[in-house]
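In: Mind looking at a prediction? Sequence and model below.
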Amino acid sequence: MRFSVDPVPLAPIIKLLEINEEKMSEKTAPLSFKTIPVDQAVGTTFAHDMTEIIPGMSKGPACNKGHKIKSEDLCRLMRMGKNSLYIIDLNENQVLDY
């Protein structure tokens, strides 16, 4: 016994695949890096880990790569002697994958 099946129109499926591919390429586009002054860093994203060393007391992570910088981070960064920061310049469609 043979069943007859109506052919599936491929055009809508192909269109969906093209749209998804375009969105994925936006998210995986090469990252852009730049250096900015600490006082302009709120809302940006660290490009690397940062270690805080207090001689004779402690050594540990101050911030990790991908950390979104908040206003409360600025004082700590300035106490660490940071005048400028190396950040990742993400657009609204990019996702940090590390």
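Out: It's in. Numbering: from 1, shown residues only.
In: ok, residue 80 - contacts?
Out: Residues in contact with residue 80 (C-beta atoms under 8 Å, 6 or more residues apart in numbering) are 50, 52, 62. Every C-beta, even on glycine, is put in place using the N, C-alpha and C of the backbone.
In: do the same with residue 51
Out: Counted by C-beta under 8 Å, 6+ apart, residue 51 has contacts 59-62.
In: List buried residues within those.
Out: The neighbour count (16 or more other C-beta atoms under 10 Å) marks residue 62 as buried among these.
In: avg pLDDT for stretch 79-87?
Out: For stretch 79-87, the mean pLDDT works out to 88.
In: what's the straight distance from one end of it to the other?
Out: End-to-end distance of stretch 79-87 (C-alpha to C-alpha, to the nearest Å): 19 Å.
In: go on, stretch 36-50?
Out: 15 Å.
In: Now do the buried residues in it.
Out: For stretch 36-50, using 16+ other C-beta under 10 Å, the buried residues are 38, 41, 44-47, 50.
In: Out of these, which is nearest to residue 74?
Out: Nearest to residue 74 out of the buried residues of stretch 36-50 is residue 38 (C-beta to C-beta; 6.0 Å).
In: For the closest residue to residue 82 other than its chain neighbours, give me phi and psi.
Out: Leaving aside its sequence neighbours, residue 82 sits nearest to residue 38 (C-beta to C-beta, 6 or more residues apart in numbering; 5.5 Å). Phi and psi for residue 38, reported as degrees, to the nearest 10, are phi -60, psi -40.
In: Any chance of JSON lines for the buried residues of stretch 36-50, columns secondary structure and distance to residue 66?
Out: Output for these, formatted as JSON lines (DSSP: H, G, I helix; E, B strand; the rest coil; distance: C-beta to C-beta, whole Å):
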{"residue": "38", "secondary structure": "helix", "distance to residue 66": "18"}
{"residue": "41", "secondary structure": "coil", "distance to residue 66": "14"}
{"residue": "44", "secondary structure": "coil", "distance to residue 66": "11"}
{"residue": "45", "secondary structure": "strand", "distance to residue 66": "6"}
{"residue": "46", "secondary structure": "strand", "distance to residue 66": "7"}
{"residue": "47", "secondary structure": "coil", "distance to residue 66": "9"}
{"residue": "50", "secondary structure": "strand", "distance to residue 66": "12"}
